[in-house]
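Student: Sequence and predicted structure below; questions after.
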Amino acid sequence: MQVTLARATEFRGVGLHSGAPARLVLRPAPAGHGIVFLRTDLGPNARIPARWDAVVPSRLCTLVQGDDGATVSTIEHLMAALAGTGVHNVLAELDGPEVPILDGSAAPFVSSILKAGLVRQAAPLAAIRVLRPVEVREGLAFARLTPADHLEMSFSIDFADAAIGRQDKRLDLANGAFVRELMDSRTFCRLTDVEAMQSNGLALGGTYFNAVVVDGDRVLSPGGLRHRDEAVRHKMLDAVGDLALAGAPLLARYTGNRAGHALTNRLLRALFADPDAWEWTICSPALEGRLPGVGVIADAAAAAEMQPRDQAVA
């Protein structure tokens, strides 16, 4: 069955790239509504669907644009939190152009969503089943979807900085794995990139407290890493959010190598451009039990208080 929030929940912070104050309110929505943003600063009709075909090119984040030109950027962590808690219908009211970055992960979103409570709706849930491999490449980077009976993910990254280096992780995203394994992993960047980004009008709201900043073999952010492989976990978090723009749960195995937001969106576009590569399927109770949000609903309060950590690495 489809799921929405039991009550509204609010977030305040700043945009990672704009540095502008932002207020976000997530409100319950009826079955079939999907995830839709409303730019309250632009009026009651400035609605932007959180969907793959609303994505427009943007550097270092995922940005969606409505028919009237209104945009919302840096939506990936929120979308990952909604997908990871199994929420399908929400009206996301935002008073500016960028979702607040909060601590740089999806954990604050997940915690508040679960504390607000989840409601099963009297409407069946349809999922998108991938029927054959689809792949996109750009240089050494690639992203691929292959058939699977629920969402699985493999990701590889390789950075020159020794604090990151090469990292690989594979994860079965059934049974609340997103909440346990990925939600608290923060966005990251290299110190050498910070000045370049800020001179180009990006990362104006970035701090050592809402991003992991590395320099060679050093982690500069206070407290070090939350996980030894936090970087690849965050790339997987981003991919969960970007795949959620399919508009329904995906039954597939996602493989990413050095992939980013743009490549994952290209992958969804390639998938939906091939009608023989996918099909709709109504979720049976057994299939619903393998979706990412199941497993966090039964004990929402305990899940909301979870703060999974490996030993911090300075």
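Tutor: Right, received. Where do you want to start?
Student: what about stretch 125-142, start to end distance?
Tutor: Chord length of stretch 125-142, first to last residue, is 30 Å (Cα to Cα, to the nearest Å).
Student: buried stuff in it?
Tutor: Of the residues in stretch 125-142, 125-131, 134, 136, 141-142 count as buried by neighbour count, 16 or more other Cβ atoms under 10 Å. C-beta coordinates here come from the backbone N, C-alpha and C atoms, glycine included.
Student: Which residues are in contact with residue 159?
Tutor: When contacts are counted by Cβ atoms under 8 Å, 6 or more residues apart in numbering, residue 159 touches 165-166, 190, 231.
Student: related to what we said a few turns ago, closest to residue 235 among the buried residues of stretch 125-142?
Tutor: Nearest to residue 235 among the buried residues of stretch 125-142: residue 141, at 11.3 Å, using Cβ to Cβ.
Student: Contact partners for the closest one?
Tutor: 257-260, 263.
Student: Now, the buried residues of stretch 125-142 that are in strands?
Tutor: Among the buried residues of stretch 125-142, the members found in strands (DSSP state E) are 126-130, 134, 136, 141-142.
Student: out of those residues, who's nearest residue 222?
Tutor: Nearest to residue 222 among these: residue 141, at 31.3 Å, using Cβ to Cβ.
Student: For that closest one, give the beta-bridge partners.
Tutor: On the basis of DSSP bridges, residue 141 is bridged to residue 138.
Student: How much space separates it from residue 134?
Tutor: Noted for residue 141: a distance of 15 Å to residue 134, by Cβ to Cβ, to the nearest Å.
Student: if we can go back for a sec, most surrounded residue in the contacts of residue 141?
Tutor: Neighbour tally across the contacts of residue 141 (other Cβ atoms under 10 Å): the maximum, 26 neighbours, falls on residue 259.
Student: which residues does the closest residue to that one other than its chain neighbours contact?
Tutor: Of all residues not flanking residue 259 in the chain, residue 143 sits nearest, at 4.2 Å (Cβ to Cβ, 6 or more residues apart in numbering). By Cβ under 8 Å, 6+ apart, the residues touching residue 143 are 135-136, 239, 254-257, 259, 263-264, 266-267.
Student: Tabulate those in a markdown table, adding columns for secondary structure.
Tutor: As requested, the contacts of residue 143 are exported to a markdown table (DSSP: H, G, I helix; E, B strand; the rest coil):
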| residue | secondary structure |
| --- | --- |
| 135 | strand |
| 136 | strand |
| 239 | helix |
| 254 | strand |
| 255 | strand |
| 256 | strand |
| 257 | strand |
| 259 | coil |
| 263 | helix |
| 264 | helix |
| 266 | helix |
| 267 | helix |
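Student: quick check, nearest of those residues to residue 112?
Tutor: The closest of the contacts of residue 143 to residue 112 turns out to be residue 239 (Cβ to Cβ; 22.3 Å).
Student: Around the closest one, how many other residues sit close by?
Tutor: When neighbours are counted by other Cβ under 10 Å, residue 239 registers 25.
Student: same thing with residue 63?
Tutor: 22.
Student: Please apply the same query to the one 3 residues further on.
Tutor: The tally of other residues near residue 66 (other Cβ under 10 Å) stands at 19.
Student: Just to check, it is in contact with residue 50?
Tutor: No - counting by Cβ atoms under 8 Å, residue 66 stays clear of residue 50, with 10.7 Å between them.
Student: list residues touching both of those two?
Tutor: Shared contacts of residue 66 and residue 50 (Cβ under 8 Å, 6+ apart): residue 37.
Student: follow-up on the earlier one: which of the buried residues of stretch 125-142 sits closest to residue 3?
Tutor: Using Cβ to Cβ, residue 125 comes nearest to residue 3 of the buried residues of stretch 125-142, at 8.0 Å.
Student: What distance do you get for residue 94 to residue 144?
Tutor: Relative to residue 144, residue 94 is positioned 32 Å away (Cβ to Cβ).
Student: Which one's more surrounded, those two?
Tutor: Shown here are residue 94 and residue 144; by other Cβ under 10 Å, residue 94 has more neighbours (27 against 18).
Student: That one and residue 24 touch, don't they?
Tutor: Yes - taking contacts as Cβ under 8 Å, residue 94 lies within contact range of residue 24: 5.2 Å.
Student: Any idea what residue 257 is bridged to?
Tutor: Counting by DSSP bridges, residue 257 is bridged to residue 142, residue 156.
Student: Might one say that residue 119 is in contact with residue 29?
Tutor: No - the pair residue 119 / residue 29 is not scored as a contact, 10.7 Å apart, by Cβ under 8 Å.
Student: for residue 80, what are its contacts?
Tutor: Each residue near residue 80 by Cβ under 8 Å, 6+ apart is listed here: 106, 178, 182-183, 237-238, 240-241, 244.
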